[in-house]
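Trainee: Got a predicted model here, sequence first, then my questions.
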Amino acid sequence: MKDHTDWSYGCEPEFSISCNNTDESSFVQLAHVEYYGSDIEFHENATFQFCRDECLKRCDCNGFQYKFNAPSGYSNCYPKFLLLSGHHSPNFEGDFYLRLPKASPFNNKTPDEEKSLECSANISKQLRRTYENKTVKLLLWFAIAVGGVEVTCILLVWFFLLRTSKHPDSDPASQGYLLTNRFKRFSFDELRKATRGFKEVIGRGAGGTVYKGVLPDQRVAAIKQLNVANQGEAEFLAEVNTIGMLNHMYLIEMWGYCAEGKHKLLVYEYMEHGSLAENLSANALDWKKRFEIAVGTAKDYQPKVADFGLSKLVSRSMSDHSSFSRMRGTRGYMAPEWVYNLPITSKVDVYSYGIVLLEMVTGKSPNNMNTSDSGETREHKRLVTLVREHINIGTTTSKPWIEEFIDPMMAGKYDKAKMELLVKVALQCVAEDKK
């Protein structure tokens with residue numbers, strides 16, 4: 001407690017976690033407590049031990065949310081780098097595990113000691129009388145000031161309404177649009193009503209949380225609330241304008257935005273079929289649909305890229321990489337150039353496309369480490385390495401190499417030649433340029 005006489009100042013830690021002694025950390029369970037946002041990453045269908053180990057690996061992990069997902073029947077893991085917007089609810093099906101040093105002073109304090117307020121009653125009558133007189137004068141001046149402001153505001157509103165009725169404003173900018181790209185500017189209250197209080201979550205990632213909503217014109221939209229809220233409004237609008245210049249049939253269309261203080265939201269068209277990962281896990285795509293999606297000829301499942309342009313846009317000829325630390329992307333799909341801080345070219349997008357092709361053929365996510373058996377040992381390997389090893393093994397045996405890693409959900413019903421073609425194209429996309 002920062003100030004035991006005034007709880008409004010909040011709390012601050014009396015310890016620090018050393019990066020060199022991660023095994024000396026322990027966790028305190030806070031039952032039915034949830035901290036919203038500030039996720040380092042998201043792990044689906046994770047065990048408690050896995051979630052605990054992932055948090056211990058990171059110096060910036062202050063704890064993790066372990067929540068049971070009733071519809072799916074398994075638990076999800078949310079390591080946190082910042083603890084904000086915490087609340088306790090008996091109906092919340094999850095717990096928060098706060099990371100502490102094993103020798104934390106937290107264990108030496110009793111709840112009564114933390115919760116007691118220290119209030120002094122030894123105040124002299126003279127000081128109290130002086131304080132009361134000053135308070136009365138302050139309230140009097142405050143009331144006069146408020147009354148004056150209210151009268152002024154009423155007169156200004158009346159004048160503005162009178163002027164508007166005589167001279168209707170036809171400027172599109174006054175209707176909440178950016179002239180450069182015709183984006184609708186929504187208020188935070190409008191989007192809160194559209195999402196029914198941000199109730200239905202349809203996606204969650206490092207950049208923010210996506211909610212399903214219905215706009216006033218009855219269009220169904222995907223509304224993304226960005227996690228990073230410390231960006232200035234001018235900079236945010238500049239990046240929104242930049243994104244608005246991107247127009248392609250395979251990009252999800254952006255309809256509008258919201259920028260009110262710390263609230264930064266983007267409004268996109270809603271994709272009713274969901275994401276590629278969801279369709280793969282639900283076994284909704286046979287080999288033919290996967291092939292058509294890969295070559296861009298699918299009629300019912302036209303693929304579109306989401307969140308394109310949200311990462312920091314870097315000029316292809318830019319040699320200064322000082323903004324590398326601000327780059328964002330999905331782990332597993334990012335080209336090695338991002339990791340090693342190399343010059344960024346259009347080839348990084350080709351690499352990501354190759355990873356998506358491998359995901360469609362194998363049904364395995366590049367975000368997870370894949371396990372392979374070798375005798376009595378089990379190794380965790382990247383998706384690209386795993387596919388290449390299976391191809392090398394398949395060439396030395398009579399068994400077709402595509403059968404070694406094809407998605408088992410296709411149950412052997414696929415065109416072998418077309419699936420092998422996708423794998424070959426994918427490996428060329430992710431191949432290292434040795435020039």
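Mentor: Perfect, thanks for sending it.

Trainee: tell me the domain ranges of this protein?
Mentor: According to automatic domain parsing, the chain comprises the domains 7-115, 121-168, 184-269, 276-430.

Trainee: what is the mean pLDDT for the second one?
Mentor: Taken as a whole, domain 121-168 has an average pLDDT of 76.

Trainee: and what of the longest one?
Mentor: Taken as a whole, domain 276-430 carries a mean pLDDT of 75.

Trainee: Now for Tyr35, how many residues are close by?
Mentor: Using other Cβ atoms under 10 Å, Tyr35 is surrounded by 21 other residues. For the C-beta atoms, the positions are set from N, CA and C on the backbone; glycine is no exception.

Trainee: repeat for Lys67
Mentor: Neighbour count of Lys67, defined by other Cβ under 10 Å: 16.

Trainee: List the beta-bridge partners for it.
Mentor: Bridge pairing for Lys67 (DSSP bridges) gives the partners Asn76, Gly94.

Trainee: Now do the contacts for it.
Mentor: By Cβ atoms under 8 Å, 6 or more residues apart in numbering, Lys67 lies in contact with 34, 75-76, 78, 92-95.

Trainee: Just put those in a markdown table and tack on pLDDT and distance to Cys19.
Mentor: As requested, the contacts of Lys67 are exported to a markdown table (pLDDT from 0 to 100; distance: Cβ to Cβ, whole Å):
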| residue | pLDDT | distance to Cys19 |
| --- | --- | --- |
| Glu34 | 88 | 27 |
| Ser75 | 89 | 27 |
| Asn76 | 90 | 26 |
| Tyr78 | 92 | 21 |
| Phe92 | 84 | 31 |
| Glu93 | 83 | 33 |
| Gly94 | 89 | 27 |
| Asp95 | 92 | 25 |
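
Trainee: Which among those residues count as buried?
Mentor: 34, 75-76, 78, 94-95 (16 or more other Cβ atoms under 10 Å).

Trainee: mind putting the residues you listed in CSV, distance to Leu84 included?
Mentor: CSV is the format used below for the buried ones among the contacts of Lys67 (distance: Cβ to Cβ, whole Å):
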residue, distance to Leu84
Glu34, 11
Ser75, 23
Asn76, 19
Tyr78, 13
Gly94, 17
Asp95, 18
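
Trainee: ok, which stretches of the stretch 51-200 of the chain are strands?
Mentor: 63-69, 74-80, 86-88, 94-101, 184-185 (DSSP state E, counting those that start in this stretch).

Trainee: Worst mean pLDDT among those?
Mentor: Of all these, mean pLDDT reaches its minimum on strand 86-88 (a mean of 83).

Trainee: Touching that one from outside, list them.
Mentor: Applying Cβ under 8 Å, 6+ apart, the external contacts of strand 86-88 come out as 30, 32-36, 96.
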